[in-house]
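Participant: make a model of this:
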Amino acid sequence: MVLELKDLRAGYIVDGDYKEAVGGISLSVGENEVVGLVGESGCGKTATALSIMRLLPQNGKIKTGRVIFENRNILNLNEPQMRNIRGRRIAMVFQEPFTALNPVIRIGPQIAEAAMTGKNISKQKARSLALDLLKKVRLDNPQRIYYDYPHQLSGGQRQRALIAIALVHGPRLLIADEPTTALDVTTQMEILKLLLELKENMNMSVLFITHDFGIINEVADRVCVMKDGRIVEEGRKDEILTLPKHHYTKRLLGAVPKMGSALQQEQGILREDILIETRSLAKSFAIERGLLRKRTGKIDALREVNIKIRRGQAFGLVGESGCGKTTLGRLLIGLIEPDQGEILIAGKSLKAYLKDIPQQIRRMMQIVFQDPYSSLDPRMTMGDIVLEGPSILAKTRPRKEAILNEVLEKVRLNIEDRSKYPHQFSGGQRQRIAIARALATRPEFLILDEPVSSLDVLIQKDILDLLKSLQKELKLTYLFISHDLRVVEVMSDEIAVMYQGSIVETASSRDIYTKPMHPYTRHLLESVPVL
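Facilitator: Coordinates of the predicted model:
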C-alpha cells in the first residue's frame, strides 16, 4: 500500500473545547489506484486530507492514529523531515485555485519556485521545468501563461496551473480535494481526464475527494463514504454504485441529478404571455494593459442575443464558463447597460422603466448570485440583509416584521436566527438567506445565477426543491443560469444553450436532452458525469 490510515482521529480546539472532525477512520490507497473519498460538506473529508499532509491550522490537533506512507508513520516525523515528504512525495490540489495561488506572483515563477524548493537547480532550469509542466497539463500557449497572473486565467486554467505545481517533484501520492467543484462540465471533464492520464504516465496514486458520485463514477477504482467524521461504507466502485448498503450512501446517490428527468416531466403548454424579451442584445468589455490601463482590444461577451421568457416559466440558460451567461443576467436586471439591442419587460423598454419608475422595476426583478458568502454583507445580521430591499422601499416597521416572518418561513429559516451574521450559517443556509432577500420585495422575475454550483449534492437537492416549490406557490418567473445540464434539466421548461456569447440553440427541456441539434449542445451533454 502507498498510504494507510489507521484509527485516525483529528479535530479542532474551539473556545477551549475539542471538536472532533475525523472520528477514528481507517482507509488505504494502493499502488497506482484512485480512491474516492465522498461525503457532504462538513463530514471531515478536507480535515482528513489536511491531517495526512499535517497542514491543520493552529487550532487543529491530530489526537490518535497512524498515517503510514512508504512504510513509516509520518505523524512521528519532525517538521524538517515532513517538508521532505510534503509537496515532493505527497502533493495536494486544493478546491479553489484562486485562493491557493499567490495573486501577486506570475504563474510561471510560482511553479519555478516550487521546483527550486529543496533542489539545487538554477533559475533557468526551473523555468524550463515550469514550461514543460505547463505543456504537460495541456495549457495552450505556455510561454504567455508563464507570465500571466492568476486573475488573468480562467478557472480551468488556474486549476491546471495548480496541478502543474503539484507535479513538480513527481509525487507518489496526489490528494485532489474537490478539484472540479466550481468548474463547468466541459472543463471538469478535461481536468478529470488529465488527472487520470497523469496518474498513468507518472505511476501515481490518487486520493480523490468529492461530494459527487457522478465524478466518482468517472475516476475512482474504490470508494470510501464518509459521514460525521467516520467511514460508513467502502468497497469497489461498482459495488457501491449498484448495491449500496448504508442508508446514507443511498441518500447521496439519490440526491445526484440524473440525466433524462425531462422525459418524466409533464410538459406544460407554453404561454404566449412574454414577460422578458431581448432583441439583438450585444455587450463587449475593454481589454486594458499597463499602469495607465491602456486599451489594447475588447472582448465580445454577447453577440446578437435574442430570447423570450414567458410569464411563470423556468427558462434555463446553459453554457461553459466565460460564454456570457452572467453578463446576460446582469443586463436583464439593469446592473450593466448593453452596447446595442433592446430589453423589453412586458413589452416596455427596460431603459424606460429605469428612467420613469426605477423602484418598481427593481422590486419586480431580483437576482440570487452564485456565491452567497461573497454576496452577503459580513457586517450585517441576517434579518437586516433580508429586509434591505423593503427598507429601501420605505416599508413601515410593522410591515417589515411581517415580511421577515413570511419570507423566512418560506425558505425554512428560523426567525430566532435573525441576529446572526453570515459566517455563523452553513453554505446551504446562506443560500436560503440570499433567496429570502430576493423574495422580500415580492418580485415577479428571479435570476438564479449558478445558485447551487458550490453546494454539495444533498444541500443542492434541498435548494432545488425549495426553488421549485416557491415558483409554484408564488407564480415566479425564473431565469436559471448554470453550467450543469443535470441541474438545468431538473429546473427548466425551456433551455437556451450559449456558446461564445451567442445563443446556438433554444428548445424545450425534453428536446434539448433527446434531440440536440447543435454540435456544442451534444458536446455539453457528452461531458456530463453520469452514474
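Participant: average pLDDT across the longest strand along the chain?
Facilitator: Counting residues, the longest strand in the chain under DSSP state E turns out to be strand 274-289. Here strand 274-289 scores 89 as its mean pLDDT.
Participant: what lines up beside that strand in the sheet?
Facilitator: strand 294-305 (antiparallel), strand 308-310 (antiparallel), strand 340-345 (antiparallel) (DSSP bridges).
Participant: which other residues reach the first one?
Facilitator: Contacts to strand 294-305, defined as CB atoms under 8 Å, 6 or more residues apart in numbering, come from residues 278, 280-289, 324, 327-328, 331, 338, 341, 500-503. C-beta here means a position set from N, CA and C on the backbone, and glycine is covered the same way.
Participant: out of these, which are buried?
Facilitator: 278, 281-284, 324, 327-328, 331, 338, 341, 501-503 (16 or more other CB atoms under 10 Å).
Participant: pull the most distant pair out of those.
Facilitator: S284 and I503 (16.7 Å; CB to CB).
Participant: what element comes up after the helix or strand harbouring R158 heading to the C-terminus?
Facilitator: Per DSSP states H and E, R158 falls inside helix 155-166. Once the chain leaves helix 155-166, the next helix or strand it forms, by DSSP H and E, is strand 173-177.
Participant: quick one: average confidence on that following strand?
Facilitator: If you average the pLDDT over strand 173-177, you get 95.
Participant: in contact with R66, which residues?
Facilitator: E4, L5, K6, D7, L8, N73, L75.
Participant: filter these down to the buried ones, ChimeraX style.
Facilitator: Only the buried entries of the contacts of R66 go into this ChimeraX selection, using 16+ other CB under 10 Å:
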select :4,5,8,75
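Participant: now distance to G383 and secondary structure too, for the contacts of R66, in a markdown table please.
Facilitator: Below are the contacts of R66 laid out as a markdown table (distance: CB to CB, whole Å; DSSP: H, G, I helix; E, B strand; the rest coil):
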| residue | distance to G383 | secondary structure |
| --- | --- | --- |
| E4 | 49 | strand |
| L5 | 43 | strand |
| K6 | 48 | strand |
| D7 | 45 | strand |
| L8 | 41 | strand |
| N73 | 50 | strand |
| L75 | 46 | helix |
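Participant: now flag whichever of the contacts of R66 is closest to K258.
Facilitator: Looking across the contacts of R66 and measuring by CB to CB, the closest to K258 is L5, at 32.2 Å.
Participant: so where's the stretch 151-300 of the chain shaky on pLDDT?
Facilitator: Applying pLDDT under 70 to the stretch 151-300 of the chain picks out residues 182, 260-272, 289-292.
Participant: what's the weakest-modelled helix or strand in the protein?
Facilitator: helix 261-264 (a mean of 56; mean pLDDT, DSSP states H and E).
Participant: ok, the nearest residue to E444 once chain neighbours are set aside - contacts?
Facilitator: Sequence neighbours aside, M364 is the residue nearest to E444 in space, at 5.0 Å (criterion: CB to CB, 6 or more residues apart in numbering). M364 makes contacts with I345, T441, P443, E444, F445, as judged by CB under 8 Å, 6+ apart.
Participant: repeat that for L241.
Facilitator: F213, I216, N217, V223, L253, L531.
Participant: no further queries at this time; thank you.
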